[in-house]
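S.K.: Predicted model and sequence below, questions to follow.
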Amino acid sequence: MRFWVYCVCGTLFWAAMTLAKTGTCAEDIPSSESADEASTLPPILDPQFRHLKQHQFELSAYGGNYVGPSVEKSWLAGGRLHFHLSGTFAVGVTYGFQWLAVDSLSCEGPPISGRDTHYLDGELVISNDMAIRFGSNVVEADLFLTLGVGTLLIDEKWEVLGVLGGGVKFYTGLPWLAIRIDVNTYLHRVRHPAGSELDTNVSFMFGLAFLFPTNPSP
């Protein structure tokens, strides 16, 4: 059942990425629109006036929930460092610590006996500019996709880790601070006496991102 839930969540996320990317197209703007009329667009929708991410570092701390078929509702915390190559692409590393709540009610017995888990992965982040209206205010935001590969220490064994996820980053108006909400899926193998199996877990994270050097919009 959880497998289909993950598939639905992934499909919805990809649909949101597609809609956000195609929401403003050249075809949506009449060809007769003059340059003066085009300049009346809110600055928050104009790339020249948005937050300048290119060549900026992003250091963030996060915490949240970690759930999956072999664990109950667990907690995780960690940090990440990304470097924005452009307004669209960023690369970086993420470290996380999880304190697992083993699913002792599993009919197959708990495949994971260790509580402390660490992971480290390298990531590629693909961002898309967007804006979200909250009442009478319009907030600058990014919708992003995260792809990562790394390693996970679980039950005192290092396993290959794959990461697929994404989220939303809200800019606070301060040139050095943003708020992130991430939803990631982790794929790795779990070993037990009967053999090994592929485990798929999901995290829901909230974090603060510190941006430097500060690049305030013109």
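M.R.: Perfect, thanks for sending it.
S.K.: burial of H188, as a residue count?
M.R.: The burial count assigned to H188 is 20, neighbours taken as other Cβ atoms under 10 Å. Where you see a C-beta, it was placed from the backbone N, CA and C, and this is true even at glycine.
S.K.: which residues touch G148?
M.R.: 94, 121-124, 161-164 (Cβ atoms under 8 Å, 6 or more residues apart in numbering).
S.K.: ok, which pair from those residues is furthest apart?
M.R.: Farthest pair in the contacts of G148 (Cβ to Cβ) is L124 and L161. Separation: 14.7 Å.
S.K.: and these two? which has more neighbours close in?
M.R.: Of the pair L124 and L161, L161 is the one with more neighbours under other Cβ under 10 Å, namely 20 against 15.
S.K.: Need the pLDDT of that one.
M.R.: You'll see L161 listed with a pLDDT of 96.
S.K.: Identify the residues contacting H55.
M.R.: So H55 contacts 83-85 (Cβ under 8 Å, 6+ apart).
S.K.: out of these, who's nearest S74?
M.R.: The closest of the contacts of H55, once distances to S74 are taken by Cβ to Cβ, is F83, at 29.9 Å.
S.K.: any idea how far that closest one is from T146?
M.R.: 14 Å (Cβ to Cβ, to the nearest Å).
S.K.: now E140
M.R.: Taking Cβ to Cβ, one finds E140 at 20 Å from T146.
S.K.: And these two? Which one has more around it.
M.R.: For E140 versus T146, neighbours defined as other Cβ under 10 Å are more numerous around T146 (24 against 21).
S.K.: and the residue nearest to the more buried one when sequence neighbours are not counted, how many neighbours?
M.R.: In this structure, T146 finds its nearest non-sequential neighbour in G165, 4.7 Å apart by Cβ to Cβ, 6 or more residues apart in numbering. Per other Cβ under 10 Å, the neighbour tally for G165 reads 22.
S.K.: tell me which element G165 is part of?
M.R.: strand 157-171 (DSSP states H and E).
S.K.: So what are the sheet partners of that strand and their directions?
M.R.: strand 137-154 (antiparallel), strand 177-192 (antiparallel) (DSSP bridges).
S.K.: Now distance to P43 too, for these, in JSON lines please.
M.R.: JSON lines is the format used below for these (distance: least, Cβ to Cβ, whole Å):
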{"stretch": "strand 137-154", "distance to P43": "9"}
{"stretch": "strand 177-192", "distance to P43": "18"}
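S.K.: Tabulate those strands (TSV), appending mean pLDDT and distance to Q48.
M.R.: Shown next, in TSV, are the strands paired with strand 157-171 (pLDDT from 0 to 100; distance: least, Cβ to Cβ, whole Å):
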stretch	mean pLDDT	distance to Q48
strand 137-154	94	13
strand 177-192	91	19
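S.K.: can you tell which of these is closest to N201?
M.R.: N201 lies closest, by Cβ to Cβ, to one member of these: strand 177-192, at 4.8 Å.
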